[in-house]
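**Q** need a 3D model of the following:
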Amino acid sequence: MSSMTFISLGFVCCSALTFCYKAEGFFASGFIPIMYSLAMAVDAIIALPVGLLYDKIGLKSLIIAPLLISLIIPLTLTRDPIWMLIAVVLWGAVMGIYETNMRAAIADMTLPEQRSFAYGTYGISYGLAWTLGNVTIALLYQAGLWMIMIIYPILMEIIALSLLSITIKSSPVR
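**A** Okay, the predicted model is just below:
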């Protein structure tokens, strides 16, 4: 799914978010692992409801991920600790959607004898895109290009939504 590659390109990783929070002096070092734990708790809590949603509406359940990702960087750049924590919660929600519904989608879209290869292909494209996207966001952060740092993930998510809508329309999966 090429849409997931673009979703990954715009999805900043939690360690990059919390590094910025610490580097900018918004949170103490001891609070950083607590924020990651919060994100993982959201990931775990959301897994069941989004899995059930996938069972009801299929690939359409993935549409929320790009919408949430588009909010993470702008919330982070508010420099308000409450909004920054909300960005971490949204990050956890996106991970829950990814980890639950993408696996289900791959299983639904491939033959059983091709699933291992499909999961591997997805893992490679997801990992490479996530790495490239995070390097891009980090470079924008270091250069102080805040507006481009906001626009970049939004643009990636617009492309992802466009590709996802094409996939939804052309897929036999719900």
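**Q** by contact count, what packs against the least confident helix or strand in the chain by mean pLDDT?
**A** Within the chain, judged by mean pLDDT, DSSP states H and E, the helix or strand with the poorest mean is helix 14-23; its value is a mean of 88. Secondary-structure packing of helix 14-23 (3 or more CB pairs under 8 Å, 6 or more residues apart in numbering; DSSP states H and E): helix 32-57, helix 64-76, helix 81-97, helix 115-143. For glycine as for every other residue, the C-beta is placed from the backbone atoms N, C-alpha and C.
**Q** which one of those lies closest to Ala160?
**A** Counting by CB to CB, Ala160 lies closest to helix 64-76 out of the helices and strands packed on helix 14-23; the figure is 4.8 Å.
**Q** can I get the helices and strands packed on helix 14-23 in TSV with distance to Leu9?
**A** Formatted as TSV, the helices and strands packed on helix 14-23 follow (distance: least, CB to CB, whole Å):
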stretch	distance to Leu9
helix 32-57	20
helix 64-76	10
helix 81-97	13
helix 115-143	4
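**Q** now these as CSV including distance to Ile106 and mean pLDDT?
**A** Output for the helices and strands packed on helix 14-23, formatted as CSV (distance: least, CB to CB, whole Å; pLDDT from 0 to 100):
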stretch, distance to Ile106, mean pLDDT
helix 32-57, 12, 96
helix 64-76, 15, 95
helix 81-97, 14, 96
helix 115-143, 5, 94
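**Q** which of these sits closest to Thr5?
**A** helix 115-143 (4.5 Å).
**Q** next, the angle from that closest one to helix 14-23.
**A** 20 degrees (axes from the mean of the first three to the mean of the last three CA atoms, to 10 degrees).
**Q** if we can go back for a sec, possible to save the helices and strands packed on helix 14-23 as TSV with distance to Asp108 and mean neighbour count?
**A** Below are the helices and strands packed on helix 14-23 laid out as TSV (distance: least, CB to CB, whole Å; neighbours: other CB atoms under 10 Å):
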stretch	distance to Asp108	mean neighbour count
helix 32-57	9	16
helix 64-76	17	21
helix 81-97	15	20
helix 115-143	10	15
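**Q** closest one to Ser2 among the ones you listed?
**A** helix 115-143 (8.2 Å).
**Q** what residues does the helix or strand following that closest one touch?
**A** Tracing the chain past helix 115-143, the next element assigned as helix or strand by DSSP states H and E is helix 146-170. Helix 146-170 has contacts (CB atoms under 8 Å, 6 or more residues apart in numbering) with 1-7, 9-12, 58-60, 62-63, 66-67, 69-70, 72-74, 77, 133, 136-137, 140-141.
**Q** coming back round to it: quick one: closest of the helices and strands packed on helix 14-23 to Gly25.
**A** For Gly25, the closest of the helices and strands packed on helix 14-23 is helix 81-97, at 10.8 Å, according to CB to CB.
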